[in-house]
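> one predicted model, sequence on top.
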Amino acid sequence: MLDPATVQLHFADLQEGIIELSGTTPPATIRQSIGFLTHLAQLLDTPVTVSAAPRPGGTAVIKEASLPTEPVFVRSGPCAWDDAATRQAITAQRRKNLAICGVTSEIVVLHTALDAIAAGFEVSVLLDACGGLSPRTEQAAFRQIEAAGGRITSVVSFATDLVRNFTTPMGREVIVALHDLIQQPTYEPAR
């Protein structure tokens, strides 16, 4: 069981024009999963870092991943861990369980996960919030992450590992959000 007090999230390259490159998870599913994760992070007071690839005209982070109180770290290369500001924001949290999602699985997710594992983090990759170039290449990236000690899981499995009691007020909010995630074509948290 994951302790929410030890977990943080990292969203990588969840940008307009990039998530559409996913050849594995449909962009609508990525958006839905990220919307749920953003809501879950707010419910559980879980820190989230957002990194982005440099793009002409700005970062264009998808609205589902936009956190008004958090900066977007623009990197110069394929790995969020290589960017000193991003790495510092993650390590400053002192939460050793890092859940990563983004596009593409074979580039930013893979390299960030491997470097975070090497730095001593316990890494989970949330596959339905990731997009790969092709099923074959994405699976190769996931195998590399698992071989290094990372865990590949789903958004729903991750959430239910964090919140195991659905009879508490927090648990009820999470189970309602999970039902919304499963039932709605585009996730919008219940108001």
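All right, it came through fine.
> center of the protein, which residue is that?
Cys101 (3.1 Å; C-alpha atoms, centre = their mean).
> which element is that one on?
Per DSSP states H and E, Cys101 falls inside strand 97-102.
> same check, this time on Thr59
Applying DSSP H and E, one finds Thr59 in no helix or strand.
> how about it: what's its closest non-neighbour residue?
Ala52 (4.1 Å; C-beta to C-beta, 6 or more residues apart in numbering). For glycine as for every other residue, the C-beta is placed from the backbone atoms N, C-alpha and C.
> neighbours of the one you found, how many?
For Ala52, the tally of surrounding residues (other C-beta atoms under 10 Å) stands at 24.
> what do you get for Leu178?
18.
> okay, and it sits in which element?
helix 169-183.
> who are the packing partners of that helix?
When contacts are defined as 3 or more C-beta pairs under 8 Å, 6 or more residues apart in numbering; DSSP states H and E, helix 169-183 packs onto helix 27-44, helix 155-162.
> Ala12 is nearest to which of these?
In terms of C-beta to C-beta, the element of the helices and strands packed on helix 169-183 nearest to Ala12 is helix 27-44, at 11.0 Å.
> the inter-axis angle of the closest one versus strand 97-102?
Using axes from the mean of the first three to the mean of the last three C-alpha atoms, to 10 degrees, the direction of helix 27-44 lies 150 degrees away from that of strand 97-102.
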